[in-house]
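Sharing a sequence plus its predicted fold:
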Amino acid sequence: MLRSFAVLACALGLVLAGCAGSPRTDRAPETAASATFPDDYRRVVAPSFPVFDASGTPVSNPFYGGFNAPRPQFVDIDGDDDADLFVQERPGQISFFEHVSQGDSSRLVWRTDNYRDLDIGEWYRFADLDQDGAVDLLTEQPYSHIRAYRNVGTATDAAFELFADTLRTPSGEPIFSDRQNIPNVTDLGCNGRLDLFLGKLDGSITRYEATDSTGMPVFAHMTDDFEGIKIVGGTGQKGPSLHGANTLTFADVDGDGDSDLFWGDFFEPGLLLIENTGSCRNPVLSGAPERFPLANPLLTSGYNAPALTDWTGNGEVDLFVGVLGGSNDANASLADNFYFFERTEGRYTLRTRQFVGGLDVGSESTVALGDINADGQAEALLANKIDPRKGRTSLVYPLTQSASGEGLRLGAALDLPDAYHYAPALADLTGDGAADLVLGTWQGDLSYHQNQGAGAFEAQDGPLEGLSGGTNVVPALGDLTGDGRIDLVRGTASGVVTLHPNTGTPEAPRFAPATDTLATVGSRAAPALHDVNGDGRLDLVIGTAQELRVAYNRGSASAPAFGTPQAASLRGVPRRPTPALGDVTGDGRMELLLGGQGGGLRLFQPPSAP
């Protein structure tokens, strides 16, 4: 049973061990006896049991939910002399992971997806603007201006207060920074005054300089042609092209005491370095951009956002890159998009493409729960919208108990025909104790796959004949009509949830055309069936484009009737959530798993028994 597992990952001594002590939650614990869904459910990112990837490697933060376009920055926000991690994945929010060290190992512990409730627009950049030893914050002010927050707390306990809604020059002119370009602040000339650098869509750089070295700065415009830099794209039939959306940062990557310039760009698959060939007081950045790392350059889908810090504590600057997805097949970076290059003795070695961890299979993941192995234990299937590596089909992965029985392990993808955006549902449709599989797709098709044992499913004709239609079809299975036969519920992109009764037998299903509209939720309906309030009737839990809703069954065991779907009071629900409910850990508690926009899984649990 999973409930007896120790947190094995803590003992592995990896750079990123997959445990965080007690699970990090969004709610204070309550007694199990008083727990109700969804009010008392808590998000758990690093559970009390280990989770392994297909190679058997422990996954850190397995239920974070995945990234599609992480924008990282490392900052010692709590003054404990190590770099904590901030990541922006969606507009307006910053996620915070604390860097926790134990002996020779360290790990990232998720704390929140909305740090200090700061409104950050499309980008953020921490910097000690007033030079008082506590980092302040610059963010995008919609649209394409710069907002500044001052840290009125301390170096160990940050607290941010709005300083300027829009930064302005000494003459009062607002500073324009295109919202897709992430700027940076540094004292490039080592003169005690900060410089503000803004990348432009034509590949050039605008520089501002602080007019004073004390207090929150006022930046004066210096040049729109800093060092004559023009970032130029690759050649094609139309010749060279200037670059567009970009991110830039500065770091002393060669250890010579001055800051070098890194540039990531929408049209550039690599990360570009312009070396500072001058000195700290006399910087010179006039050389040609080179792809970095120099010995083995990073090549991705493009729009690479670099962050540099000495993560390993060896005195050398390590490289991290969040891939935002540019012009070079953005689907390819939907899962592998947070690179960590360790620097040792001047050489950069790629350690991982998923630095934070998490079960991440791409984007817009869907999930189903059922007893696939007929062992009395609920297993999961996790599907993506499109496989980042194959690029032509969705894939469905099993998440089952590991061979040793210690935790969960992601298995190899099921052998299924190519299709776009699979959505699985599981239930025993043949009466043999093993869950069979119904799949929806983006095109609106539905298919039935009978469980053959050993993790294999075989397509069967007939049970779903004539039921295709709509787009982004998400099925759910359960006995809604109380006749001992599993019925089909179907959600579509239009937001309509319909009932298709099983007119076959418990051993040979056949689903009828829709007899009833159970609910309407606006768009992207992803239903799941579960008796969430314990009254003996199956209720509807429905994911939508933006939130999770619950519709309680007010009918009878044989004639369901659902109330108006209401937003679930859960913190941490991803965009486009797809729900599944069941006892994943084998401890008798109902848990909620959510797929979502990020391509991973989020886990919500009720409190443990006292």
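Arrived safely, thanks for sending. Numbers count the residues shown, from 1 in each chain.

Return the set of buried residues in stretch 120-137.
With burial defined by 16 or more other CB atoms under 10 Å, the residues of stretch 120-137 counted as buried are 120-131, 134-137. Yep, even glycine has a C-beta here, placed from its N, CA and C like the rest.

ditto for stretch 47-62
47-53, 58-62.

do stretch 586-604 as well
586-587, 589-604.

Now do the closest residue to residue 345 other than its chain neighbours against residue 395, distance only.
Excluding the flanking residues, the one nearest residue 345 by CB to CB, 6 or more residues apart in numbering is residue 316, at 7.8 Å. Between residue 316 and residue 395 the computed distance is 38 Å (CB to CB, to the nearest Å).

The two: who's more crowded?
When neighbours are counted by other CB atoms under 10 Å, residue 316 and residue 395 differ, and residue 395 comes out ahead with 21 against 17.

is it true that that one touches residue 413?
Yes: using CB atoms under 8 Å, residue 395 is in contact with residue 413, at 4.1 Å.

Overlap in contacts, those two.
residue 387 (CB atoms under 8 Å, 6 or more residues apart in numbering).

Can you give me the end-to-end span of stretch 515-529?
Counting by CA to CA, to the nearest Å, you get 17 Å between the two ends of stretch 515-529.

can you start the count at 105 instead of 1 from here on
With 105 as the first residue, the last one maps to stretch 619-633.

Return the set of buried residues in that stretch.
Within stretch 619-633, the residues scored as buried using 16+ other CB under 10 Å are 622-623, 625, 628-633.

what does stretch 286-306 give?
Across stretch 286-306, burial judged by 16+ other CB under 10 Å covers 286-293, 297-304.

ok, now stretch 176-193?
Across stretch 176-193, burial judged by 16+ other CB under 10 Å covers 176-182, 186-193.

Now, those residues that are in strands?
Judged by DSSP state E, the subset of the buried residues of stretch 176-193 located in strands is 176-179, 188-192.

Dump those to a markdown table, plus pLDDT and distance to residue 440.
Below are these laid out as a markdown table (pLDDT from 0 to 100; distance: CB to CB, whole Å):
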| residue | pLDDT | distance to residue 440 |
| --- | --- | --- |
| 176 | 98 | 15 |
| 177 | 98 | 20 |
| 178 | 98 | 20 |
| 179 | 98 | 25 |
| 188 | 98 | 23 |
| 189 | 98 | 18 |
| 190 | 98 | 21 |
| 191 | 98 | 15 |
| 192 | 98 | 18 |
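
Farthest-apart pair in those, please.
Spatial extent of those (CB to CB) is set by the pair 188 and 192 at 14.4 Å.

quick one: residue 302 and residue 285 touch, right?
Yes: at 6.6 Å, residue 302 counts as touching residue 285 under the criterion of CB under 8 Å.

distance of residue 468 from residue 154?
To residue 154, residue 468 is 27 Å away according to CB to CB.

got it, and residue 253?
In terms of CB to CB, residue 253 sits 39 Å off from residue 154.

all strands in the stretch 305-454 of the chain, in order from the N-terminus.
Using DSSP state E, counting those that start in this stretch, the strands of the stretch 305-454 of the chain run over 309-314, 323-327, 350-355, 364-369, 375-378, 394-396, 408-413, 422-427, 442-448, 451-456.

Ok, which of the ones you listed comes nearest residue 654?
Comparing the strands of the stretch 305-454 of the chain by CB to CB, strand 442-448 comes nearest, at 33.2 Å.

Let me have that closest one in PDB, keeping just the CA atoms, if that works.
These are the backbone C-alpha positions of strand 442-448, laid out as PDB (Å, rounded to 0.1, in the frame of the first residue of the first chain):
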ATOM      1  CA  PHE A 442      13.800  24.000 -18.100                       C
ATOM      2  CA  TYR A 443      17.500  23.200 -18.800                       C
ATOM      3  CA  PHE A 444      20.200  23.000 -16.200                       C
ATOM      4  CA  PHE A 445      23.800  23.100 -17.200                       C
ATOM      5  CA  GLU A 446      26.300  22.500 -14.400                       C
ATOM      6  CA  ARG A 447      29.600  24.300 -14.700                       C
ATOM      7  CA  THR A 448      32.600  22.400 -13.400                       C
END
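
I'd like to check the angle between it and strand 188-192, please.
Angle of strand 442-448 versus strand 188-192, following axes from the mean of the first three to the mean of the last three CA atoms, to 10 degrees, is 150 degrees.

Give me the contact list for strand 442-448.
Strand 442-448 has contacts (CB under 8 Å, 6+ apart) with 171, 174, 176, 397, 402, 404, 415-416, 418, 420-427, 452-460.
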